[in-house]
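> what's the 3D shape of this:
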Amino acid sequence: MTKMTRVKQALLELGLEDFIPLAEAVFDPEVLAEIRKGRPVDTISLALVDLLRNELIQVWTGHWQDEPTLVGREIAESLLLDEDRYSFDTEVDGRERVYYVNVKNIRG
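Below is the predicted model:
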């Protein structure tokens, strides 16, 4: 794993609370406070991909009113890298919401 940055730590802590929609992570004050420069979506998506590759998070999808389902790693990575998934607006066209969760939340 690459270095455990403060952004990654903030994302992991947020992911302990529940299944976190990607769009919510972009507006979380603790996560945003750790982003020094650049676009938040870029920083967050790369951090989440690294956490996924190191099996510290899982990625789930589903419509907001339904129970989400776990997605495989390849699909998860592509979803995390899709900038459109970091907005609640994408649900208007029928796409599923993308969530991440800290694996400690699942095991706990």
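
> which positions in the helix ranked longest in the chain come out as buried?
Among all segments of the chain classified by DSSP state H, the helix with the greatest residue count is helix 40-53. If you call a residue buried by 16 or more other CB atoms under 10 Å, then helix 40-53 has these buried ones: 40, 41, 43, 44, 45, 46, 47, 48, 49, 50, 51, 52. C-beta here means a position set from N, CA and C on the backbone, and glycine is covered the same way.

> tell me the secondary structure at residue 59.
Per DSSP: H, G, I helix; E, B strand; the rest coil, the secondary structure class of residue 59 is strand.

> tell me what it is bridged to.
residue 100 (DSSP bridges).

> so where is this protein shaky, pLDDT-wise?
Across the chain, the stretches falling below the confidence threshold (pLDDT under 70) are 1, 107-108.

> so where do the helices sit in it?
With DSSP H applied, the chain shows helices at 6-15, 22-27, 29-33, 40-53, 73-80, 103-107, listed in chain order.

> now the fifth one: buried residues?
Read that as helix 73-80. Counting neighbours by 16+ other CB under 10 Å, one finds that the buried residues in helix 73-80 are 76, 77, 79, 80.

> and of those residues, the nearest to residue 88?
The shortest separation between residue 88 and any of the buried residues of helix 73-80 is 14.9 Å, and it belongs to residue 79 (by CB to CB).

> residue 15 versus the nearest residue to the closest one once chain neighbours are set aside, what's the distance?
Computed as CB to CB, 6 or more residues apart in numbering, the closest residue to residue 79 that is not its neighbour in sequence is residue 98, at 4.9 Å. In this structure, residue 98 lies at 13 Å from residue 15, with CB to CB, to the nearest Å as the measure.
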